[in-house]
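Engineer: after the sequence you'll find the predicted model.
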Amino acid sequence: MADTGQEPERRVGFVRRIGLFQATTINMSQMCGIGPFVTIPLMVTAFGGPQAVIGFVAGALLALADGLIWAELGASLPGAGGSYVYLRQAFQYRSGKLMPFLFVWTAMLFIPLGMSTGIIGFVQYLGYLWPGMGQTAGDLVGLAVIALIVVALWRRVENIARLTVVLWAVMIASVVLVILAAFTHFSPHRAFTYPAHAFELTTNHFWIGFAAGLTIGIYDYLGYNTAAYMGAEIKNPGRTLPRAIVYSILGIMAIYLLLQIGTLGVVDWKQMLDENSTAHSSVASAVLETAWGKGPARTVTVLILITAVASVLTGLLGGSRVPYDAARDKVFFRSFGSLHPRHHFPVLGLASMGVITCVGFLIGRHTDLTTLIQLLTTVMVIVQALAQVVAVSVLRRRQPGLRRPYRMWLYPLPSLVALVGWLVIYGYADKNSPGRHPIEWSLAWVAAGCVAFALWARVEKVWPFGPRETSEEYLHAPDPDAGADPDGSTGPDAGPGADTDPRAPEPV
C-alpha cells in the first residue's frame, strides 16, 4: 500500500478527555438553557400565585435524590450510554436484554423531543426581537437552528467540550443579568403577597398544582445526568461524575430560586397568566424591559437565545451516545455502533436525533408546552427513572464486588425520595393534562416497545427465544481512575487513546 503521509487512527473507541469543570458545564448548560425562562409563567399558572417557588424547590430535591442514584451508577459503570449500561447490567439476570432495549427504544424519542422544547423556547423569545415573525418564519428559523447545532457537533469531543465552556459562560451571563435586573427593581410586596388559601395542604387543588409544579420543576432540572451518558469520555469517572452531578444541581438550584423570586418581584404574577402578554411568552425580556429599558432587554434576549442553543447542543451531544453502546451489544440497529473515523463520535445517533428533534419541534409548535412536558416525563418515568431506582439495589445485591468509587449518601433514603417523587409526577399526569392522556400514551409506547423487542428477540434468537446471556464485564474491567495524573490522564504512559471505555474495540 502506498504511503499517504497520514498517520492511521490508533483507536475506534471513545477517549477520556472531559474533566470535572467541562463535565459540570455540560450538565449546567443542558439543565438551564431556555427552560426557566419559559416555564416560570407555567409554574405560576400551576400553583395559581407566587407560591410557585415551591415547585422549583421540590424539583431540586427530586433532582438531588435522583442525581445521587446517577452518581453511584455512573461512577461504577462508566460506559457510553448512561442508563442503557445501568439497566443492561441490573436487569440481565431476569429479563435478558428487554430493559436496555426498551430504554434505547424510548430514549431515541424522549431525548430529542426534550431538545425540541428548547428550540420552541428559542423561537418564542426570538418573537420579542422580531414581533412580526409569523408561524412559517418561526418554523423555518427553528429548523435552521437545529441543523446548525448538528453541524457544530460534527467534530471531536474535546473541541465540543471547549465550546460548551464558552456557551456555559454565556448562559451564566444571561441569568445573572436577568437576576441583577430583577433585584434592582424588586418589590417584596409583589413577590411575597400570596392569594388566599395558597398553602391549604388539605385541598386537592393544592396537590394537583404541586404535582404539575413538580413536573415542570424536574423538567427544568433535567440534564444533571448528561455527562453520565458520556461516561466513556470522562476522565477519572469515579470521582468526576458524582461531583459534576451534585455541583450542577446545587448551582442551578441557586440560579433558579434567585431567578424565580426576582421575576415575581418585578412582574405581576397575574400578567403571566395571560397567554397573549410578553410576561407569559418572554418573561425574562419583560423583566429587563421594566428594569432597564428596551435596549438592555434586547441585548440580554440575544444571550438567552444563545443559552437555548447551548442547552440543545449539550443535550444532543450526550443523547447521541445512547444508542452507540446498545448497538455494540447487538441490542439496537448495528449501524448505530459505528463512530466517525476521524472525530470518534456516533454518526447515526447524532443524525437521527437531529431529525427527530426537527419533527418534535414542528409538532410542539402546534400544541402547548405543558402537555409536551407531561408526555415526555411520563414515558421517561417508566423506562428510566423508576427502573434506575430499582437498578441501584439490584446491583448492590447481584454484584457486591463491583468497584464503587462513590456510594450513595444515606442509602436507601435518596432512592425512596426519588421513588415517591417520580410516582407523584406519573400519578397526576392525566389530571394535569385533561383530555391528552399522557399516561395512556406512555403505556402504549412501552407496549409497542415490548412488541418490537419480541420480534427482534425472535430474529436474534435471544431470551425469551434463546439462552439468557449475562455479562459482568465491569466487575473485571481496569479501574479508569487508577494512577490518574493531575490532568486526568491515567498511567505513566497515558496519552491519546490510553484512557478509553473498557469495552471499546482494540486499537487498529
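Structural biologist: Nice, I can see it. Numbers count the residues shown, from 1 in each chain.
Engineer: name the residues of whatever helix or strand residue 458 lives in that come out as buried.
Structural biologist: Element membership of residue 458 [criterion: DSSP states H and E] is helix 438-460. Going by neighbour count (16 or more other C-beta atoms under 10 Å), the buried part of helix 438-460 is 438-439, 441-442, 445-446, 449, 453, 456-457. Glycine gets a C-beta too; all of them are placed from N, C-alpha and C.
Engineer: now those in CSV, with pLDDT and distance to residue 22?
Structural biologist: Shown next, in CSV, are the buried residues of helix 438-460 (pLDDT from 0 to 100; distance: C-beta to C-beta, whole Å):
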residue, pLDDT, distance to residue 22
438, 83, 35
439, 87, 38
441, 85, 36
442, 87, 34
445, 87, 34
446, 90, 35
449, 90, 34
453, 90, 36
456, 84, 36
457, 88, 39
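Engineer: got the CA positions of the helix holding residue 458 in CSV?
Structural biologist: Extracted C-alpha coordinates of helix 438-460, given in CSV (Å, rounded to 0.1, in the frame of the first residue of the first chain):
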residue,chain,number,x,y,z
PRO,A,438,-50.2,11.1,28.8
ILE,A,439,-50.3,8.0,31.0
GLU,A,440,-52.2,6.0,28.3
TRP,A,441,-49.8,7.3,25.6
SER,A,442,-46.7,6.3,27.7
LEU,A,443,-48.1,2.8,28.4
ALA,A,444,-48.9,2.4,24.7
TRP,A,445,-45.4,3.4,23.7
VAL,A,446,-43.8,0.9,26.2
ALA,A,447,-46.2,-1.8,25.0
ALA,A,448,-45.1,-1.1,21.4
GLY,A,449,-41.5,-1.4,22.5
CYS,A,450,-42.2,-4.8,24.1
VAL,A,451,-43.7,-6.0,20.8
ALA,A,452,-40.7,-4.7,18.9
PHE,A,453,-38.4,-6.4,21.4
ALA,A,454,-40.3,-9.7,21.0
LEU,A,455,-39.9,-9.5,17.2
TRP,A,456,-36.2,-8.6,17.4
ALA,A,457,-35.5,-11.3,20.0
ARG,A,458,-37.1,-13.9,17.8
VAL,A,459,-34.9,-12.9,14.9
GLU,A,460,-31.7,-12.7,17.0
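Engineer: of the buried residues of helix 438-460, closest to residue 18?
Structural biologist: Proximity of those to residue 18 (C-beta to C-beta) peaks at residue 449, which lies at 30.8 Å.
Engineer: list the contacts of the closest residue to residue 227 other than its chain neighbours.
Structural biologist: Distance criterion C-beta to C-beta, 6 or more residues apart in numbering; nearest residue to residue 227, sequence neighbours excluded, is residue 23 at 4.0 Å. Applying C-beta atoms under 8 Å, 6 or more residues apart in numbering, one finds that residue 23 lies in contact with 227, 230, 234, 240-241, 244.
Engineer: cool, and residue 386?
Structural biologist: Residue 386 makes contacts with 419, 422-423, as judged by C-beta under 8 Å, 6+ apart.
Engineer: show me where pLDDT drops low in this protein?
Structural biologist: Within the chain, the ranges that satisfy pLDDT under 70 run 1-13, 156-161, 343, 432-435, 481-508.
Engineer: tell me, what residue is most central in it?
Structural biologist: residue 223 (3.0 Å; C-alpha atoms, centre = their mean).
Engineer: now do the contacts for that one.
Structural biologist: Contacts of residue 223 by C-beta under 8 Å, 6+ apart are 27-33, 248, 311, 314-315.
Engineer: again, but for residue 365
Structural biologist: Here residue 365 is in contact with 120, 123, 135, 138-139, 142 (criterion: C-beta under 8 Å, 6+ apart).
Engineer: which of these count as buried?
Structural biologist: Neighbour counting over these (16+ other C-beta under 10 Å) leaves 120, 123, 138-139, 142 as the buried ones.
Engineer: ok, so of those, who is nearest residue 280?
Structural biologist: For those, the closest approach to residue 280 (C-beta to C-beta) belongs to residue 120, at 14.1 Å.
Engineer: so where's the longest helix in this protein?
Structural biologist: Scanning the chain for the longest helix, with DSSP state H as the assignment, gives helix 98-129.
Engineer: that helix: which residues count as buried?
Structural biologist: For helix 98-129, burial by neighbour count (16+ other C-beta under 10 Å) applies to 98-128.
Engineer: quick one, it and helix 438-460 angle?
Structural biologist: Using axes from the mean of the first three to the mean of the last three C-alpha atoms, to 10 degrees, the inter-axis angle of helix 98-129 relative to helix 438-460 is 130 degrees.
Engineer: gap between helix 98-129 and the chain center?
Structural biologist: Counting by C-alpha atoms, centre = their mean, to the nearest Å, helix 98-129 is centred 9 Å from the centre of its parent chain.
Engineer: give me the next element, helix or strand, following it.
Structural biologist: Next helix or strand after helix 98-129 toward the C-terminus (DSSP H and E): helix 135-152.
Engineer: which outside residues touch that next one?
Structural biologist: Helix 135-152 has contacts (C-beta under 8 Å, 6+ apart) with 119-120, 122-123, 126-127, 130, 133, 160, 163, 309, 312-313, 316, 350-351, 354, 357-358, 361-362, 365.
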